[in-house]
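> Sequence first, predicted model second:
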Amino acid sequence: MRLTLIAIFGAIGTLARYGLQGVVPARAGFPYGTLLINLLGCFFLGLIGQFTLNRMVISPDMRMAIAVGFFGGFTTFSSFGWETAKMLEEGAWIRAVAYVGSSVVIGLLLSVVGIRLAYKI
């Protein structure tokens, strides 16, 4: 049952990423869509993951389906790596550093914000 839920939620997360990626395209050679998706993923995984651990409001299988399935399908580390490598290949070092820095620093901050918010709910 757990694997089926992970697969279903993974498909939903992938489709959500695909839809959002189409709404927020890359501009000026900067992958705003991927950045937004990964930052949203950091915040909501922190929030939902911690909330469901604190409250045990859903089963462990559903928690795994959301964390591994949905957020695994929604967020995209491989796209982040590829886009960064392409910027470096093009000599766009400043954009690449800004992308990596904003992804990591803001992503970590949003994860913490999500976790702390979950404690208050």
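Perfect, I can see it now. Numbers count the residues shown, from 1 in each chain.

> what are the ranges of the helices in the chain?
Taking DSSP state H as the criterion, the chain carries its helices at 2-23, 32-55, 60-64, 71-74, 77-89, 93-101, 107-120.

> Single out the most deeply packed of those helices.
Greatest average neighbour count among these goes to helix 71-74 (a mean of 21), per mean count of other CB atoms under 10 Å. C-beta here means a position set from N, CA and C on the backbone, and glycine is covered the same way.

> residues in contact with it?
6, 9-17, 37, 40-41, 44-45 (CB atoms under 8 Å, 6 or more residues apart in numbering).

> same thing but at 10 Å, please
Contact with helix 71-74 is made by 6-18, 20, 37-38, 40-42, 44-45, 48-49, 65-66, as judged by CB atoms under 10 Å, 6 or more residues apart in numbering.

> got the CA coordinates for it in PDB?
The C-alpha trace of helix 71-74 is given here as PDB (Å, rounded to 0.1, in the frame of the first residue of the first chain):
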ATOM      1  CA  PHE A  71       7.500  16.500  -2.600                       C
ATOM      2  CA  GLY A  72       9.900  14.100  -4.300                       C
ATOM      3  CA  GLY A  73       7.900  14.600  -7.500                       C
ATOM      4  CA  PHE A  74       7.300  18.300  -6.900                       C
END
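
> what's the offset of that helix from the middle of its chain?
7 Å (CA atoms, centre = their mean, to the nearest Å).

> for stretch 89-96, same thing?
23 Å.

> same question, stretch 62-70
13 Å.

> what do you get for stretch 53-69?
In terms of CA atoms, centre = their mean, the centre of stretch 53-69 is set 17 Å apart from its chain centre.

> Let's have the helices of the chain in TSV, adding mean pLDDT.
Formatted as TSV, these follow (pLDDT from 0 to 100):
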stretch	mean pLDDT
helix 2-23	95
helix 32-55	93
helix 60-64	92
helix 71-74	95
helix 77-89	96
helix 93-101	97
helix 107-120	97
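
> Next, the distance between the ends of stretch 93-108.
22 Å (CA to CA, to the nearest Å).
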